[in-house]
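1. model the structure of this input:
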Amino acid sequence: MIRGTGIGIDTGGTYTDAVVYDFTERKILSAAKALTTRQDLSQGILEALDKLPPELLRSAEIIALSTTLATNACIEGKGGRSKLIFLGGDEKVINEFGGKYGLPPAEDIYIQESYTNFSGGIEQEPDWELFNTHIKARFGHLDGAGILEIYAMKNNAVLEKKAKELFQRIHDIPVVCGHELFSDLNCLQRASGTLLNAGLFPVIKEFLGAIKKAMAERDIKAVVMIVRSDGTLMSEEFAALRPVETLLCGPAASIAGGTWLSKAVNCVVIDMGGTTTDMALVKDAVPVKAEEGVSVGKWRTFVQGFSIKTFGLGGDSAVHYDETHVFLEDYRVVPLSVAGAKYPSVITGLRKLMDSPTSHDLYLHEHYLLVRDITDRKRYTEQEKRFCEALQKGPRILRDAAAAAGTDIYNLRVSRLVKEGVVQICGLTPTDIMHIRGDFSVYSAEAALLGARYAAFNLGISVEELCNRIYDEVKRKIYLNVVKLLLENQDKHYMKKGVDGDAERFISQSYESAKEEYQGIVSMAFKTDFALVGIGAPIHIFLADVAKLLGTQAIIPEHFEVANAVGAVVGNIYVSYPVKVRPNYSHGGLDDYTVFGFTGNRVFKTLEEAENFAAAEAKAGAYAEAIKRGADGEIALSCEFDKTNIDARGVPVYLGTTITGHAIAGR
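-> Below is the predicted model:
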């Protein structure tokens, strides 16, 4: 049991947050923020830590971490070089259905016959000599590997274990089996998570390395724990082998932090950052979990986690417009206020633009900022290289940048440079509007105002009207997504199929109707008793108005701006381990029961014997998993029973029992 202090750290895409937490008094002692330094994560971590009292850092017993690195790697298609070994895989099935789970074509997976049947029985051993030959030739250059056998869940994964043993004799690279990660039957979804885990090995290695470097430089000797996708904690050793567990690490920490800080029993937690907004429903003080596992980008996995809705809306969302409307893009740009504070040339370019402004379909106020040098990269065109060379002395406004590249604004082709992160766009954002209205004043208000004046000029409206429209669009998008989340959790139709375009249009109309307090022929109002809990730096500006339209209250808790770091440090180690009992029917009726347990499979004549054994196995599995994740000291164990029966012409038919063991380690 920890009775001293702990440190919570969250490394996000824009900011790194840090807090010191007193476990005895259950309160935050100090909090700090710093910009995330993507080129060297340890620098941003050190800057945040240095804003906290040094005596509290040295006395901390635990450092709990959260990050969006794994989430971003999945969305952006990045990560390490990895490959899946699929024993018993079917090439045709993989090629037809594997893409739905994020799997590559079968030709990019090593597939070998396993000689197992549907019940998990091993009819003959795989050709291990062939296995060794191919593994030696095809895997040496990789950062990680995953091993899966199609029926591993029914035969105690004996072939997966043997394959891993042989693999480790040949290669000294990280490798994890599917049964070590998941206990579910769907082999394609297990395969997806297992392959993804292999690709995340270098991502988590870099993150943990940065933490260790920062701790060493500040003489911090605390135990390191990492947040899982369900808000619970695991040891750094466990995370290093199962990085897929961090898939929704950052969003999970923010939801856990918002729940803890607000003390709200029923609420929607909304975390608005620079690029995206994360949202989750909390019922009876517990965040709702994803029923079929976490999905991120193209990947569908069995990772246990909160059901989190993420959409493109943040303080740095690009503000664009057409002849009459203002809208927010789903992607991020560098705010003009931020760029102008660092680069005086941005303000100079905007002043020149506004000396004699002309309306234009293109966003002439936007600047381009060089992030990476591509001088020696052969894959880029000469125009792209000239363009980047022109940016080496600082950002350039669109027209000047095009001229420097030897072309005009209509023929400038730089979308690839932006997509690959070589160049960033600097443009108008909600952050700039905050500077104009005085809601935020850290960077250059002049740059923000100049950009807003040009946008307003194109629309034929005042700057004040432009600011009102942009703020209103932020509120509309929050309202829209809150209502979608509530509908999906209330109606299984929407949970399964999502809220389509027609329904979204109706929700947007209800927003306008609620604003104007006009009901028309029929009321279009949406109302909820669930409070809206806001966390993340910009959210307090918008949430009260959205809550009022929904007939509920907005809660902005103390320390809302560092909720992710709070969620990391207040977590604990909690494990669920399911064991299944299945009836065995024959032509003569019900013969016996099979338990697919933690230590192996057993057959029993009576259901009572089977369920008693299954309960013991579920608790043993939960306990063992808690120890693996780093639990120390007292571990509370319990289990719950879920029987499945169907009605066959008035006669109940037993289909099985799932017994779930629970283990929780006290803090």
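2. just the pLDDT at L281, thanks.
-> At L281, the pLDDT value in this model is 95.
3. residues contacting N458?
-> Residues near N458 by CB atoms under 8 Å, 6 or more residues apart in numbering: Y321, S359, H360. Heads up, the C-betas are built off the backbone N, CA and C, glycines and all.
4. the same query, at a cut-off of 10 Å, please.
-> Y321, D322, E323, P357, T358, S359, H360, D361, Y363, L364, H365, L466 (CB atoms under 10 Å, 6 or more residues apart in numbering).
5. tell me the secondary structure of it, please.
-> Of the three states, N458 takes helix under DSSP: H, G, I helix; E, B strand; the rest coil.
6. what's the separation between it and L449?
-> 15 Å (CB to CB, to the nearest Å).
7. what's the answer for V334, then?
-> From V334 to L449 the distance is 17 Å (CB to CB).
8. and if you look at A252?
-> 38 Å.
9. so between the two, which is more surrounded?
-> A252 (30 against 20; other CB atoms under 10 Å).
10. which ones are touching the more buried one?
-> 66, 71, 227-232, 246, 278, 280, 287, 294, 305-306, 308, 564, 567-568, 571.
11. okay, it: pLDDT?
-> pLDDT, A252: 92.
12. excluding chain neighbours, give the residue nearest to it in space.
-> Closest residue to A252 in three dimensions, ignoring its sequence neighbours and counting by CB to CB, 6 or more residues apart in numbering: G231, at 4.6 Å.
13. list the contacts for the one you found?
-> Applying CB under 10 Å, 6+ apart to G231 gives the contacts 66, 248-249, 251-257, 259-260, 280, 286-287, 289, 305-306, 567-568, 570-572, 574.
14. so how do I select the buried members of those residues in ChimeraX?
-> In ChimeraX, this line selects whichever of these come out buried by 16 or more other CB atoms under 10 Å:
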select :66,248,249,251,252,253,254,255,256,257,259,260,280,287,289,305,306,567,568,570,571,574
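15. from the contacts of G231, which land in helices?
-> Judged by DSSP state H, the contacts of G231 include C249, P251, A252, A253, S254, I255, A256, G257, T259, W260, G567, A568 as members of helices.
16. and the fourth one, how close does it get to S66?
-> Separation of A253 from S66 (CB to CB) stands at 3 Å.
17. which neighbours do those two share?
-> Common neighbours of A253 and S66 (CB under 10 Å, 6+ apart) are 8-10, 12, 17, 226-228, 231, 564-569, 571.
18. identify the farthest-apart pair in those residues.
-> D17 and R228 (18.6 Å; CB to CB).
19. who's in contact with the residue most central in space within the chain?
-> The chain has L248 as the residue nearest its centroid, 3.4 Å off, counting by CA atoms, centre = their mean. L248 makes contact with 66, 68, 70-71, 74, 227-231, 254-255, 278, 280, 290, 294-296, 303-308, 310, according to CB under 10 Å, 6+ apart.
20. before we move on, what about I541?
-> Listed by CB under 10 Å, 6+ apart, the contact set of I541 reads 272, 315, 430, 433-434, 437, 439-440, 471, 474-475, 534, 556.
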